[in-house]
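In: the sequence isn't on hand, but the structure is:
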């Protein structure tokens, strides 16, 4: 079945550091890929998405590129802020009309 | 404002008791979902519904029940058969399966 694997956390960075959170997936077909963010005590919010190979999703300085050859969708940001501290979830939806499968989440803490 | 409302924010269950978590959306979305989130773990799908009067088991449906009598409402009952109910429960909706999810702010359920 479909699965998503994220890098183990927690990740702790200093402000303005470069961020990478790895995400790889296993799926049949051509999935859409998503990154969601969860701030403390809240539900998840969509951060960005990509629907086909080589697409780049971007939002709020975060980027992720859909790499079919490596089945990856790594999340990056060039300069993190304290306000980026949250849990980040990678997810896939195999085809339109299928439910999403989530990774286990990666806790990010950014220190001033 | 459009969105998803979960209530209550905190809920306590006694041994052998059934409890019901409320989820209401005014986004006119067809699909609704219930996820369970345990500390340090990802989201696990309990039940989902593509349309009114229809719902499907997710990955961890045992000990839970749902109904979908109205498009805007998708209540979750945690029954006494669920032996480890303490968790953070998230309700979500989407225009259709596989599309962007909109999440509520969650209900923390604890056992007394």
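Out: That came through fine. Since the structure is predicted, the reported quantities are computational estimates derived from the model, not experimental observations.

In: contacts and neighbour counts: CA atoms only from here.
Out: OK.

In: the residue in chain B positioned nearest to chain A - nearest residue in space that isn't next to it in sequence?
Out: Closest to chain A within chain B is residue B:42: 3.6 Å, counting by CA to the nearest CA. For residue B:42, ignoring the flanking residues on the chain, the nearest one in space by CA to CA, 6 or more residues apart in numbering or on different chains is residue A:104 at 3.6 Å.

In: picking up where we left off before, is the residue of chain B closest to chain A in contact with residue A:105, as I believe?
Out: Yes: at 5.4 Å, residue B:42 and residue A:105 qualify as touching, with contact defined as CA atoms under 8 Å.

In: shared neighbours, the two?
Out: residue A:89 (CA atoms under 8 Å, 6 or more residues apart in numbering or on different chains).

In: the two: which is more packed in?
Out: Between residue B:42 and residue A:105, residue A:105 has the larger neighbour count (other CA atoms under 10 Å in any protein chain shown), namely 29 against 20.

In: would you agree that one is in contact with residue A:44?
Out: No: checked against CA under 8 Å, the pair residue A:105 and residue A:44 is beyond contact range at 11.0 Å.

In: got a list of what the residue of chain B closest to chain A touches?
Out: Neighbour list for residue B:42: A:89, A:102, A:103, A:104, A:105 [criterion: CA under 8 Å, 6+ apart].

In: nearest to chain B, of those residues?
Out: residue A:104 (3.6 Å).
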